[in-house]
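Novice: Here is the input, now give the coordinates:
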Amino acid sequence: MRTDYDEYKSRGVDRMGQISVTTCEIEGLKVIEPKVFKDERGYFYESYNYNDYSAAGITEQFVQDNQSSSSKGVLRGLHFQKNYPQAKLVRVIRGEVFDVAVDLREGSVTYGKWFGLILSEENKKQLYVPKGFAHGFVVLSDYAEFAYKCTEFYHPGDEGGIVWNDPDIGIDWPIPKDMELKIIERDRNWPGIKDYKKVNKQ
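Specialist: Residues are numbered from 1 along each chain as shown. Prediction:
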């Protein structure tokens, strides 16, 4: 049986899952762009390939895949696991979000700094978020499906957070003036970064 892989290989593609990886000013964060193969039927790409990601320095074993759906204006975050930290590989399957990671690693030269980018079904970018970061996103499209791989299982009661609009972090969320934010009470009441250690490390 002839597969999509065979078809693309016959067109001169030696192997699938090719990715380009971009680093940023915060060490450890990686923006990943997979090579997408398109034809009259649509497209094909590998959203994860251990060999390619390992070559890019992402060698962790992912043990859990999660997926969520959200409507426009939903803001989730900024979250992290306190005692069972997770590295994450995040992407958007449908729609568009602004995705954010905040460095909470003790001793890091970029402690308290943030990085954000648009993830969408169109650009198919992924963000690799190492352990020691808080993570969140806001939905910019009418609807979005968000998917991510984790290196640690979810442990109920172990979630910590930083409030999304902490002025000491100063995230520049690209929120249109006419967009109503939808934030659950828990996420509205997380502490700021100045107080997070004594609140979240208990």
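
Novice: hey, where'd the helices end up in the protein?
Specialist: 4-10, 50-55, 185-188, 196-200 (DSSP state H).

Novice: hey, least reliable of those helices by pLDDT?
Specialist: Mean pLDDT is lowest for helix 4-10 among the helices of the chain, at a mean of 50.

Novice: count of residues packed around the residue nearest to A144 when sequence neighbours are not counted?
Specialist: Distances taken as CB to CB, 6 or more residues apart in numbering place G95 nearest to A144, at 3.1 Å, with adjacent residues excluded. C-beta coordinates here come from the backbone N, C-alpha and C atoms, glycine included. Number of residues near G95 (other CB atoms under 10 Å) recorded here: 21.

Novice: Run through this structure and note the low-pLDDT ranges.
Specialist: Under the criterion pLDDT under 70, the flagged ranges of the chain are 1-17, 198-202.

Novice: which residue is nearest the centroid of it?
Specialist: By CA atoms, centre = their mean, the chain has its centre lying nearest to V90, at 3.3 Å.

Novice: That one touches H135, doesn't it?
Specialist: Yes: using CB atoms under 8 Å, V90 is in contact with H135, at 7.4 Å.

Novice: Please identify every residue contacting each of the two.
Specialist: Counting by CB atoms under 8 Å, 6 or more residues apart in numbering, the residues touching both V90 and H135 are 99, 129.

Novice: what about V36, how many neighbours?
Specialist: Around V36 there are 12 residues (other CB under 10 Å).

Novice: Quick check: phi and psi at the residue nearest to it when sequence neighbours are not counted.
Specialist: Of all residues not flanking V36 in the chain, Y45 sits nearest, at 4.5 Å (CB to CB, 6+ apart). Per-residue torsions, Y45: phi -160, psi 160 (degrees, to the nearest 10).

Novice: same check, this time on the one 4 residues further on
Specialist: Its backbone dihedrals place N49 at phi -140, psi 120, with angles given as degrees, to the nearest 10.

Novice: circling back: leaving out chain neighbours, which residue sits closest to the residue nearest to the centre of the chain?
Specialist: Y148 is the one closest to V90 (CB to CB, 6+ apart), at 4.1 Å.

Novice: ditto for T23
Specialist: K30 (6.0 Å).

Novice: hang on, isn't that neighbour packed against L117?
Specialist: No: using CB under 8 Å, K30 is not in contact with L117, being 11.3 Å away.

Novice: Looking at these two, which has the bigger crowd around it?
Specialist: Taking neighbours as other CB under 10 Å, K30 and L117 compare with K30 leading, 20 against 17.

Novice: measure the more buried one to F80 for me?
Specialist: Applying CB to CB, to the nearest Å, the value for K30 to F80 is 18 Å.
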